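Peer 1: below are the sequence and a predicted model; questions follow.
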Amino acid sequence: MASRKVIVFGPTGAVGSAAARTAESLGAEVTLAMRDTAKTIPGLDGAKEKKGAFERTQADLTKPDTVHDAVSKSGAKYAFIYLAFGMPDNMKSTIEALKSAGIELVVFLSSFTVRGDLGAIDPSDIIPYVHAQAELNLEEIFGADRFVAVRPGSFASNNLPYKAAIEKGEVKLWVPNAKLDNIVPEDIGTVCGTVLAKGPQDDQRAIYLYGPSLSTQNDTIMTLAKALGKDPKIKKADEQEAYKMFTEERGMPPHLANYMIRQARKAAPEGSDYHVFGTRIEEEHMLNVQNYSGRKATTLEEWAQQVFATS
């Protein structure tokens, strides 16, 4: 039986790298589609790449012609893609290029904020809106049963910018009681790679993924601080400070910073267990990483030891 041929766009990222490595470990031939083919891929050194069923090719999701060429050259029938922000057509031309080049199934890295009637999401809700527009284009071009939207919660790696403040001894947080699931990017990629190589379970077309437990922003910071051997003070930021943190320290454009501030105001009060930054989540979805990977989702403590304690 011939190996399944897949193409992974963005393999230099934590999610894309894990997706590529997982798909290859499950028997797929993997084309690594990269803007810069000379870049290092996390978890895949030269020897492993040469030994495995990997091949590099140049492509950029914002340039549909390169996408078409990369897919055609690879012979892949299954593709992993992520949202390319800023495309005026919400990736429609890129998705058309995937289809015309022979892709039969797309695994799309979306967001847990996408839910309900996708066409009714307000453009001011920028994160769910832009992901939903790409999903709608996928449905239009591929059909509802030929793409899988993987919708992860709050990335543990979003906490990396706090490291410097933790080490200095004081961290300011906007809505410290807002809860996070802190899913590890590598776990997301493992699920994506499994779907690429084996297909979705029970014909799932939207797979919500979360970390194994929820913790407040305050408790999240203290977990990371413990891995660093620090005991910082936590202070609540006001709205002006939050805006500055998002725009100046994290480099977010103003409309995205305003969305983050507005969304955090919806954070559920203490006692509301299954909310992530004000978005209600389904408890059973917290098992999806294990359902697809066969192992429990990485905890925040484990991730902190891997990333913070060793850095």
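Peer 2: Now that the structure is in, tell me what you want to look at.
Peer 1: all contacts plus neighbour counts: C-alpha atoms, from now on.
Peer 2: OK.
Peer 1: just give me how far the helix or strand of the chain with the lowest mean pLDDT sits from the chain centre.
Peer 2: In the chain, no helix or strand scores lower on mean pLDDT, DSSP states H and E than strand 275-276, which sits at a mean of 78. Distance, stretch centre to chain centre, for strand 275-276: 17 Å (C-alpha atoms, centre = their mean, to the nearest Å).
Peer 1: where are the low-confidence patches of this structure?
Peer 2: For the chain, the stretches with pLDDT under 70 are 1-2, 267-274, 309-311.
Peer 1: the helices in it, which residues?
Peer 2: Here the chain has its helices, by DSSP state H, at 14-25, 46-51, 64-74, 92-100, 126-142, 163-168, 185-198, 217-228, 239-244, 254-264, 288-293, 300-307.
Peer 1: could you check the angle the first one makes with helix 185-198?
Peer 2: Between helix 14-25 and helix 185-198, the angle comes out at 40 degrees (axes from the mean of the first three to the mean of the last three C-alpha atoms, to 10 degrees).
Peer 1: same question, the fifth one
Peer 2: Helix 126-142 and helix 185-198 are oriented at 10 degrees to each other (the same axes, to 10 degrees).
Peer 1: check the fourth one too.
Peer 2: The directions of helix 92-100 and helix 185-198 differ by 40 degrees, with the same axes, to 10 degrees as the criterion.
Peer 1: buried residues in helix 92-100?
Peer 2: Within helix 92-100, the residues scored as buried using 16 or more other C-alpha atoms under 10 Å are 92, 93, 94, 95, 96, 97, 98, 99.
Peer 1: turn the helices of the chain into TSV, including distance to residue 151.
Peer 2: Below are the helices of the chain laid out as TSV (distance: least, C-alpha to C-alpha, whole Å):
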stretch	distance to residue 151
helix 14-25	12
helix 46-51	28
helix 64-74	23
helix 92-100	18
helix 126-142	10
helix 163-168	26
helix 185-198	9
helix 217-228	21
helix 239-244	26
helix 254-264	17
helix 288-293	11
helix 300-307	19
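Peer 1: need the residues that contact the least confident helix or strand of the chain.
Peer 2: 153, 154, 178, 179, 180, 181, 214, 267, 268, 281 (C-alpha atoms under 8 Å, 6 or more residues apart in numbering).
Peer 1: for the second one, give me its contacts.
Peer 2: Read that as residue 154. Neighbours of residue 154 in contact, by C-alpha under 8 Å, 6+ apart: 180, 181, 182, 183, 210, 276.
Peer 1: now do the contacts for residue 9.
Peer 2: Residue 9 neighbours (C-alpha under 8 Å, 6+ apart): 16, 32, 33, 34, 59, 61, 79, 80, 81, 82.
Peer 1: ok, 6 Å please
Peer 2: 33, 80, 81 (C-alpha atoms under 6 Å, 6 or more residues apart in numbering).
Peer 1: now residue 215
Peer 2: So residue 215 contacts 179, 180 (C-alpha under 6 Å, 6+ apart).
Peer 1: dig out what it forms beta bridges with.
Peer 2: Note on residue 215: beta-bridge partners by DSSP bridges are residue 180.
Peer 1: now swap in residue 56 and tell me
Peer 2: residue 32.
Peer 1: how far away is residue 183 from residue 240?
Peer 2: Residue 183 sits 28 Å away from residue 240, going by C-alpha to C-alpha, to the nearest Å.
Peer 1: more neighbours: these two, which one.
Peer 2: More crowded of residue 183 and residue 240, by other C-alpha atoms under 10 Å: residue 183, with 28 against 10.
Peer 1: how about the contacts made by the more buried one?
Peer 2: 155, 156, 210, 211.
Peer 1: got it, and residue 68?
Peer 2: 97, 98, 101.
Peer 1: and the contacts of residue 183, which two are furthest apart?
Peer 2: By the measure C-alpha to C-alpha, 156 and 210 form the most distant pair in the contacts of residue 183, at 10.3 Å.
Peer 1: excluding covalently adjacent residues, which one is nearest to residue 192?
Peer 2: residue 19 (5.4 Å; C-alpha to C-alpha, 6 or more residues apart in numbering).
Peer 1: contacting residues around the one you found?
Peer 2: Residue 19 neighbours (C-alpha under 6 Å, 6+ apart): 189, 190, 192, 193.
Peer 1: closest one of these to residue 296?
Peer 2: The closest of those to residue 296 turns out to be residue 190 (C-alpha to C-alpha; 11.8 Å).
Peer 1: is it true that the closest one touches residue 18?
Peer 2: Yes. With contact defined as C-alpha atoms under 6 Å, residue 190 counts as touching residue 18 (5.5 Å).
Peer 1: can you give me the neighbour number for the nearest residue to residue 182 once chain neighbours are set aside?
Peer 2: Nearest residue to residue 182 in three dimensions, chain neighbours excluded: residue 156, at 4.1 Å (C-alpha to C-alpha, 6+ apart). Applying other C-alpha under 10 Å, we find 19 residues neighbouring residue 156.
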